[in-house]
Each structure stands twice: as C-alpha cells, then as structure tokens.
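**Student:** I would like to see how this sequence folds:
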Amino acid sequence: MDDDHSSVRPYMHGYDAAALKSWSPGTDRWARHFRSRVPLAPRIAPFPATQAHPDLATGPRLMNLTYDYDDAFFTARKYGDAFARRLLRFWQYSDFYGSWHGLPVDGSPADDPAHGLVNLPNPAYTDAAHRNGVRSLGCWFWPRSGDFEDYLEQRPDGSFPVADKLIEMAAYFGFDGYFINHEAETPPGQAARLHDLLRSLRERAPEGFHLQWYDTITPDGHLDYLNHLNADNAPWLDVSDSFFANYWMTPEGVETSRATALKLGRDPYAAVFHGTENEQFGFDPEYDPRLLFPPGEAARTSWALFGSHFVKELAPRHDDPDAQDEVFRRERRYWSGPHEDPTRSGRLLPHDRQTPRDRDDHRAWDGVAHHITERSVIGSFPFVTRFNTGHGRGFFLDGQRAADGDWHNASVQDVLPTWQFWTRAEGTGAERTGAERTGAEGTGPEGAGAPLSVGFDHELAYDGGSSLLVSGPLGPDGATTVRLYKTALTVTGAERLAVTAHGTDSADLEVGLLFQDAPDAFVWLAAGSAADWHTTTHGLGTFRGRTIAAVGLRVSSRRPTRCAIRIGELALLGHEFTPPAPPEDFTVDEMLTDGESVHVFLSWRLAGQGVRHYDLLRDDGSWLGRIYDDVYCLSLPAPATSETVTSETVTRLRLVAVAPDGSRSAPATTEAHWSR
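**Tutor:** The predicted structure is shown next:
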C-alpha cells in the first residue's frame, strides 16, 4: 500500500500561484492530514566538557537540505507500511532542515505532472526535527510551469497575497519558514518585485520564522551562481535571514562571505551557510569543507549540506528491507566520521590526493561531527526514550509484539542518542569502534580489547519498532562504556531514573550519570539482572542540587560470555504523571474503498499538555498506528465478498492517549462498519 498511487489515500502536493492565492485549510484536500503538531523544543546551553571534541567551537550552524523519506511525487505521505525508508537518525547536528523534492499540484496527471512553486516539508520530518530543536523549512523552487508574474500580485497597500498565504500555510502546517531557490533568469522588474515580496514576507512573519536565500539570481534577475556572499548579491540577504552559498568554494570566496556579513553588521555564523554537494559527490566532494573549517582556526562561516540522502540513495540494494544495515553504516560514517565514532572523526585520505574521486569511499569524509558540535534538547524532566528510530519490522508494546509487518513514521521517532556511538573498552587500553566493531547493523573482526558493538535493533523492542542493542564477546578483564545523551538536568530531589532492559542475565548493566561539577567521572547505578524485560528504578535524591550533564551505560561481566543486552527504555522522570483522560470525540469520518484496501479516516480531539502520542489499536489489542495528531488514515484489507461472509463487517477500534512517561489512558472506542 505504501507505494501505490491511490487517489483516495492522502498524499502531499505542491502549490502553484492559483493554489497559493486561494489557499485555505477548508478547501485544500487532505490538509488536516499533513500538519505537524509537535512544538519546537529548546536546546540546552553548550557545555564543552561533554562534547566529543571539547575544543570545537559551538557557534557554526548547519543547514541540511535533503529528501524526506524519498523523492516520491504521488506517494509523499506522513507514514506507511515500508521499512526501507530514509529515517534521519542524526538531528543533533542540524539547526535547519529543508525538504528537497518538488511536488505536483493537486489534480496534476501522473504521466505529466505540473509541479508547484512551493512544497511543504513532510510533517513527520517536521515532528522529528522539532522534537530535536531543529527548524523545518518548506521549499520554493522556480522555474515551474506557468507565468512567474502570477506570483507577484501586489495589493494597493503594498502587501502580496502570496507572501501572506505562505505565512498562513506555515502556521497551519506547523513548520518554520522557507528555503528560496529561484533558479532561473528573471526580468529585472520581476526580480525587484520578488525582493519586495520577500521583504513583506519577512516583515509580516512571526518571531522564529526563517527565510534562507540560495545563491542564484543577482538583484537585477540575472542567473549567476557567485559561490559566495558579496556586494553584488548581498541585497538578497537584506530580505532573508540567511544565505546559502553555492558549492564552488574557494578560500578567497569564503573570506569574502565572512567579510561581507561583518560589513553588513551580520553574524557570519547566522547569516552565511557555504554549501557542500553530497548528492552527486557522496563522501568525496570536489570542494573541501575544510575551507570553512581550517584546522586549528575558527570556522569562517556556517555550513550547508545538500543531498545527505545519498547515504541511502547510493547504497546497494537501498530499497531492500533486508539490506538496510549498509544504509545505517553509511549514515553513521557520514555524520560521525569514518570510524563511526564522533570522538574519532576526521578523514583517512587527503582531499588533494592524485587518485580519482570516489563518492562511496567514506575514508575521504571527515564526518559532520568533526566540524559541528552535537546539540541536545534534554534540559528538563521528564526525558524518556525507547530508542525508536521511527520505523520497524514489527511493533511492540510493553515488550510484546503487537503487530507484524514493516512500517515507517518519522513523526514518532524518539530523541536518539547524542553520540552514535561513543564506546570505550575499559581495562585494555583499546578504543576500537565503528567499522572495527561487530554486532548490530555491522560486521567486523572480533578480538580482545574491542568494545562491544552498539546499534539499533529492529528484531526485539520494548515500545515501538527498535531497541538499543549492546552485544559481543565480553570477558572479566574489561568492560564497555557507552556515552549516550548530552543533558542539562538539575536534580531537585524527587526525580528518579528507570531503565528497562532485556538479556542482562549474562552480563552486568549499569546506567551512568555524569555531573557538571565532575564531568570526568560517571556515577554508576545497577540496572538489575534478568533474561526477559525488566525495569530497575533509582531515586535521585542523593544528587539534589547537582546537574546531570550526560548519561551513559556500562556493560561488564565476571566471566567470559557473549552478551546481547537490549535497552528498551531509558527514563529520567520528575513528578508522577496522572494518566491522561480518554480521548474525546473519537469517530470514523469516512471510509473509502480503493482496490483491495479500505481507507478509514479517523479523527478525535487533540489534547494539550500531558500527551506525547496516541496509539490506535484493534479491539483485541493489536497495534494499528501511532501519531501525535487529531487525525489518522487507517488502511485495512477490504472485506471478502464471498457468499460465506456475513452481510456486514465491523472493525472495533480503540484509541489510547499516552503520557511522556508512558502512562496510558483508558481507551476511547469507535467502530468501522461496511457491507459486502
């Protein structure tokens, strides 16, 4: 069902001039199904002592301009029934995310689609971005079909209908601004009015709204990629919040960008993002990012990435659900560096070598973590993670398989570990990680002194589709520590820590707390011993007045063993949550049949604070979907039509509200009825 072109199942679309100027949520087909409802989380202040690279400056920012799940046109959806979809697991390095693939206008024919000027970011990605403190941007791309003059209508009071609608749409759909890619020769008069439109857009937009201009046309409308910010293209920065410089970097161009920003009174880190093109060049781009980040010197500007989706799109068998380990490995190498450990980032091949460039050779890439500091939103209690990556090969509730089958939904992805993966083997002096590990999502040689493997496991989970697996051979002469999360959690006395784990009967698991006043020494708390899922809880009153700066794990053993410990939930809890009230107004709005599927459109009243997500279940308790929203489109097999089937079929449905700490409401119920 995920890849069909169903005309009755909601999919996203683009917007041309007519659609923009007449837009309203009441007339935009399926608009209510593509809203992001997760607020933008604040990030904690930098604390260099717990950074993977303590000397790395925290000022430079990162824009990640990329696909969402894929580059689909008529199957761009918020969730679906495939596992082999690109799910970004490294939000901690980005400050901005921009969607990058155009979408056809609603009603456009599939065989010859007409793309709109604007496409929205996928709301599932916006949810995940916001949960990690990242702003999500829609995309403006010209040229498209039609006359650009249609977009430049101006009212007598000087305002622009298109600008006002772009603000209104961002507010309704829940994203934070637009990436403006105006990549076509434009008559001087139209270019001047585009400048005025963007000025109106920026002036009328709410606080936190962001416009980023891509280095395309000059103010007189001439298409000229200048590859840096200078006096010729600086007028576009006057009506934007930041400038994305084209990819042909030179030392002189980078310095000109910096100098121009400073001359304009703008912070170079906030105003200028020099771009690296990964979509074509993969791990081995033509222009060296170290021009922005000269070793031993301050970064010159901020950084923009185009095409980080290559880690999946260029991987062999990238759409095979059984071949995703290589995708995950490539993703870790891209963000954390060639060793898959952010503390050991840095390229293994020189950029100026004489050998041909190879876009699949990860040894040529420093890793984003080599230049951009890791960020975190974990600044208050509660913080709960089930290590849910946002896709799975089944779904689990309370450690039990509640559904079979592949699925994806970035909207319900947890905040994933800050460091992927910072592991150390204690007692041996060895620090082999990443490509030298063995275990989940990767293979490699085993050997004495190697730390245990760490990765996300999709075969067994406690809640959602994945758990964190720590596995491999372990002896009594060493232990493995895993630094997981960067935090700023001040303990007042009533807080507690809970960890739910599986398979700790063969080795000892501990949870470590690192405090700001002693950032070099973990305090370790035992996590219990059992073969099956079990939860161990510790009160944190002993640490009253201290601030937790990082959280980690340690696995050890008193005898030689091979361990496979899964961590299903890690919770740092404050006050006790009252279980949420049952959802209100849960109802079936519509049922539409399409081939062998029935699409059931459900809605309810969205609760305010106190609910993290909703679980949709059958009456027998089997899982059907998870979302933080007030609508869901459930696709079910159409009932059989043989004479032996009764004249009416009923599917009884439950909706449960789930609090941040996992406490659950009593279910609301409804029924889907259809006749054969």
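**Student:** how far away is residue 579 from residue 664?
**Tutor:** Residue 579 sits 6 Å away from residue 664, going by CB to CB, to the nearest Å. Any C-beta I mention is one placed from the backbone N, CA and C, and that applies to glycine too.
**Student:** and if you look at residue 85?
**Tutor:** Taken as CB to CB, the span from residue 85 to residue 664 is 28 Å.
**Student:** look at these two and report which has more neighbours.
**Tutor:** Neighbour count, other CB atoms under 10 Å: between residue 85 and residue 664, residue 85 has more, with 23 against 14.
**Student:** I figured that one hits residue 69, correct?
**Tutor:** Yes: proximity of residue 85 to residue 69 meets the contact threshold set by CB atoms under 8 Å, at 4.3 Å.
**Student:** give me the common contacts of the two.
**Tutor:** Common neighbours of residue 85 and residue 69 (criterion: CB atoms under 8 Å, 6 or more residues apart in numbering): residue 408.
**Student:** contact partners of the biggest helix by length in the chain?
**Tutor:** Longest helix in the chain by number of residues, with DSSP state H as the criterion: helix 188-204. With contact meaning CB under 8 Å, 6+ apart, helix 188-204 is reached by 148-149, 151-152, 154, 158-160, 162-164, 166-167, 180, 182, 186, 209, 211, 213, 217-221, 235-236, 238-241.
**Student:** so where's the stretch 301-450 of the chain shaky on pLDDT?
**Tutor:** 428-448 (pLDDT under 70).
**Student:** could you rerun that using 90?
**Tutor:** The stretch 301-450 of the chain contains residues with pLDDT under 90 at 352-356, 426-450.
**Student:** can you pull out the helices in it?
**Tutor:** Under the criterion DSSP state H, counting those that start in this stretch, the stretch 301-450 of the chain contains helices at 310-313, 324-336.
**Student:** and residue 224, how far from residue 291?
**Tutor:** 21 Å.
**Student:** should've said residue 16
**Tutor:** Taking CB to CB, one finds residue 16 at 39 Å from residue 291.
**Student:** same question for residue 672.
**Tutor:** Residue 672 is 58 Å from residue 291, where distance means CB to CB.
**Student:** and what of residue 157?
**Tutor:** For residue 157, the distance to residue 291 - CB to CB - is 45 Å.
**Student:** got JSON lines for the helices of the stretch 301-450 of the chain, with distance to residue 635 and mean neighbour count too?
**Tutor:** Shown next, in JSON lines, are the helices of the stretch 301-450 of the chain (distance: least, CB to CB, whole Å; neighbours: other CB atoms under 10 Å):
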{"stretch": "helix 310-313", "distance to residue 635": "24", "mean neighbour count": "22"}
{"stretch": "helix 324-336", "distance to residue 635": "23", "mean neighbour count": "22"}
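**Student:** make JSON lines from the ones you listed and add distance to residue 586 to it.
**Tutor:** Compiled in JSON lines, the helices of the stretch 301-450 of the chain are given as follows (distance: least, CB to CB, whole Å):
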{"stretch": "helix 310-313", "distance to residue 586": "36"}
{"stretch": "helix 324-336", "distance to residue 586": "35"}
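**Student:** circling back: from the contacts of helix 188-204, which land in helices?
**Tutor:** Filtering those for helices - DSSP H - leaves 162-164, 166-167, 235-236, 238.
**Student:** any buried residues in stretch 472-491, and which?
**Tutor:** Across stretch 472-491, burial judged by 16 or more other CB atoms under 10 Å covers 472-475, 478-491.
**Student:** so which of those residues sit within strands?
**Tutor:** 472-474, 479-490 (DSSP state E).
**Student:** which of those sit farthest apart?
**Tutor:** 473 and 490 (39.1 Å; CB to CB).
**Student:** contact partners for residue 671?
**Tutor:** So residue 671 contacts 588, 650-653 (CB under 8 Å, 6+ apart).
**Student:** show me where pLDDT drops low in the stretch 51-200 of the chain?
**Tutor:** Ranges of the stretch 51-200 of the chain meeting pLDDT under 90: 70-75, 99-102, 107-113.
**Student:** which parts of it are strands?
**Tutor:** 62-66, 96-99, 118-119, 135-142, 177-182 (DSSP state E, counting those that start in this stretch).
**Student:** show residues contacting the shortest one.
**Tutor:** The set of residues external to strand 118-119 that reach it, using CB under 8 Å, 6+ apart, is 12, 14-15, 20, 99, 101-103, 138-141, 166, 169, 178.
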